[in-house]
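K.L.:
I'd like to go over a predicted model; first the sequence, then the structure.
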Amino acid sequence: MTRVSSPCIRVCTLDPETGLCEGCGRTREEITRWYRIPEEERQLIMAELPERMRQAFALESPFAPEPDKAE
């Protein structure tokens, strides 16, 4: 089994609303414990990160119609 490296991209800012790192999408606990977390759990976290980032940091276009005004 290949060892999972850190997803850190050196943009280490925790979002106050979500509690997730804006760079990698991990929680503070996941970041601080990363190399102590079992390999299988790191793989699961890595698999969750893309969707976690999409949900937490999806930007809506300022030009998109509001849902109740869409035609």
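P.N.:
On my side now, so go ahead.

K.L.:
list the contacts for residue 12?
P.N.:
Neighbouring residues of residue 12 by CB atoms under 8 Å, 6 or more residues apart in numbering: 21, 23, 31. Yep, even glycine has a C-beta here, placed from its N, CA and C like the rest.

K.L.:
got the residues you listed as TSV, with pLDDT, neighbour count and secondary structure columns?
P.N.:
As requested, those are exported to TSV (pLDDT from 0 to 100; neighbours: other CB atoms under 10 Å; DSSP: H, G, I helix; E, B strand; the rest coil):
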residue	pLDDT	neighbour count	secondary structure
21	96	23	strand
23	94	16	coil
31	97	17	helix
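
K.L.:
got these as CSV, with distance to residue 38 columns?
P.N.:
Below are the contacts of residue 12 laid out as CSV (distance: CB to CB, whole Å):
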residue, distance to residue 38
21, 20
23, 23
31, 16
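
K.L.:
which one of those is nearest residue 3?
P.N.:
residue 31 (17.3 Å; CB to CB).

K.L.:
check contacts around the closest one.
P.N.:
8, 12, 21, 24.

K.L.:
average pLDDT for the longest helix belonging to the chain, rounded please.
P.N.:
What stands out as the longest helix in the chain, according to DSSP state H, is helix 39-57. The average pLDDT within helix 39-57 is 94.

K.L.:
for that helix, which outside residues touch it?
P.N.:
Helix 39-57 is contacted from outside by 1, 3-4, 7, 15, 18, 20, 22, 24-26, 30, 34, 37, using CB under 8 Å, 6+ apart.

K.L.:
and it, how far from the chain's centre?
P.N.:
6 Å (CA atoms, centre = their mean, to the nearest Å).
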